[in-house]
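>>> When you get a sec, could you give me coordinates for this:
(one chain, ligands or ions: 1)
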Amino acid sequence: MKQILFLLILVASVSSVSAQTNSVKAPAKTVVNNPTSQIINAKQLLRDDETLSADDMQGRGIGTPGGAKAREYVVARFKEAGLKPLNNSYLQAFDFTNRSNEKVNGTNVIGYFAGKNNPEKYIVVTAHYDHLGIRKGEIYNGADDDASGVAALFALANYFKEKRPSHSIIFVAFDGEESGLRGSNAFVATPPVKKESIVLNVNMDMVAHNDKNELYASGTYHYPALKPPLETIAKSAKVKLLIGHDRPEQKSDDWTNQSDHFAFHQAKIPFIYFGVEDHKDYHKPTDDFVNINKEFYVRAVETILDAVKTFDKNLPSIEKSN
Ligand SMILES: [Zn+2]
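Here you go, the predicted structure:
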């Protein structure tokens, strides 16, 4: 345990020094500083990820007390960000029958901001708050999968609280992703707004853990008009923004059906999915807050925010080409 901590401190100090090559060397005590951001509240982002992936959330399994506790936290953070409920509720309940023939109840959390110029058109930004729960006595905390995407939802919502978007933006924290994209399927089957008014899904699932500073944007193979704006964003991004993992010939490396964006894709709603390649802690009890790459995470969320802002501004041209 100590060794791991020491390694982390070492990594953190190396990255903070390389980020400020022109400045005077920081004294040894301050090298473990967490990353800061001019655009989002980095401290809050990390705190939210840490809270959602703490042991007392019990791995956020669907239909468990830990899942309910996580959901309460999501609702509270949505309210703090000023997100409004749709149809008088932040909650969308659904159920399904699992492999053991038991009925399972799930609940999505939904909030939105009305757009300034195109309030009738909706961009839906998503992440899943459920994870694997407790298995064989071990808690699967899912700090990257997908506490990172949910904490990013809050960061994005807080940005748009101050700077109202042109289109309406719906933020959804899905339940039941790990049980087979259950929450996103329920959302698309009975959307809170007309399905035809949803113009884009931006899905985030695992955006906090990559040792090579690589973030993928996936989906432009299906929706090529979304590629040029992402290429422009990649040029100024502080992460290596790569485009791909969306071609059928890539087999299991084609991520088209591997997270909640697939429900939107099946309904012919364009999507962009942001995520990282699988890592050593993927679907393991070690997917903990201490193992995410904090600097990478903050820069990844800044990059995704840049993408959402760009799509919000330029959506008409995206629609035309589809
Ligand atoms: Zn996931």
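>>> which residues touch stretch 217-229?
Residues from elsewhere that reach stretch 217-229 (Cβ atoms under 8 Å, 6 or more residues apart in numbering): 230, 241-247, 255-256, 261, 265, 270-275, 307, 310-311, 314, 317-318, 320-322. Just so you know, the C-beta spots here come from the backbone N, C-alpha and C atoms, and that holds for glycine as well.
>>> so how far is that stretch from its chain's centroid?
Its chain's average C-alpha position is 18 Å from that of stretch 217-229, according to Cα atoms, centre = their mean, to the nearest Å.
>>> Could I get the buried residue list for it?
If you call a residue buried by 16 or more other Cβ atoms under 10 Å, then stretch 217-229 has these buried ones: Ala217, Ser218, Gly219, Thr220, Tyr221, His222, Tyr223, Leu226, Pro229.
>>> Now the third one: phi and psi?
So that's Gly219. Gly219 adopts backbone torsions of phi 130, psi -10, taken as degrees, to the nearest 10.
>>> what's the neighbour count on the closest residue to the ion within the stretch 201-322 of the chain?
Residue nearest to the ion within the stretch 201-322 of the chain (Cβ to the ion): Asp205, separated by 4.2 Å. Here the count is done by other Cβ atoms under 10 Å, and Asp205 has 24 residues near it.
>>> Just the element for the nearest residue to it once chain neighbours are set aside, please.
Counting by Cβ to Cβ, 6 or more residues apart in numbering, Ser259 is the residue found nearest to Asp205 once chain neighbours are left out, at 4.2 Å. Element membership of Ser259, judged by DSSP states H and E, is empty: it is in no helix or strand.
>>> Quick check: phi and psi at Ser259.
Geometry field for Ser259 lists phi and psi as phi -150, psi -170, criterion degrees, to the nearest 10.
>>> Spell out which residues of the protein are next to the ion.
Along the chain, the residues adjacent to the ion under the rule Cβ under 5 Å from the ion are Asp145, Asp146, Asp205.
>>> What segments of the stretch 201-322 of the chain are helices?
Counting by DSSP state H, counting those that start in this stretch, residue ranges of the helices within the stretch 201-322 of the chain are 227-236, 261-266, 294-320.
>>> Just say which of those helices is most tucked in.
Mean neighbour count, computed with mean count of other Cβ atoms under 10 Å, is highest for helix 261-266 among the helices of the stretch 201-322 of the chain, reaching a mean of 23.
>>> Now do the contacts for the closest residue to Thr232 other than its chain neighbours.
Counting by Cβ to Cβ, 6+ apart, Thr310 is the residue found nearest to Thr232 once chain neighbours are left out, at 7.6 Å. Thr310 makes contacts with Pro229, Thr232, Ile233, as judged by Cβ under 8 Å, 6+ apart.
>>> of those, closest to Gln38?
When the contacts of Thr310 are ranked by distance to Gln38 (Cβ to Cβ), Ile233 comes first, at 16.5 Å.
>>> how many other residues sit next to Asn213?
Residues contacting Asn213 under the criterion other Cβ under 10 Å number 16.
>>> confidence score at it?
According to the per-residue confidence, Asn213 scores 98 in pLDDT.
>>> before we move on, what about Tyr216?
Taken from the predicted model, the pLDDT recorded for Tyr216 is 98.
>>> Repeat that for Thr310.
Per-residue confidence for Thr310 comes out at a pLDDT of 96.
>>> Quick check: the residue nearest to Asp205 touching Ala127?
No - assessed by Cβ atoms under 8 Å, Ser259 is found out of contact with Ala127, at 9.2 Å.
>>> Quickly list what's touching both of these two.
If you check Ser259 and Ala127 against Cβ under 8 Å, 6+ apart, the residues they both contact are Asn203, Asp205.
>>> Please enumerate the strands of the stretch 101-250 of the chain.
Per DSSP state E, counting those that start in this stretch, the stretch 101-250 of the chain has strands spanning 103-113, 118-128, 133-135, 138-140, 167-174, 198-204, 214-218, 240-243. These are given in chain order.
>>> Tabulate those strands in CSV, adding columns for distance to Asp55.
Formatted as CSV, the entries for the strands of the stretch 101-250 of the chain read as follows, by distance: least, Cβ to Cβ, whole Å:
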stretch, distance to Asp55
strand 103-113, 22
strand 118-128, 19
strand 133-135, 10
strand 138-140, 6
strand 167-174, 20
strand 198-204, 23
strand 214-218, 28
strand 240-243, 33
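>>> closest to Val290 out of the ones you listed?
For these, proximity to Val290 was assessed by Cβ to Cβ; strand 138-140 is nearest, at 13.8 Å.
>>> Next one: Leu83 relative to the ion, how far apart?
Noted for Leu83: a distance of 22 Å to the ion, by Cβ to the ion, to the nearest Å.
>>> If anything else comes up later, I'll come back, but that's it for now.
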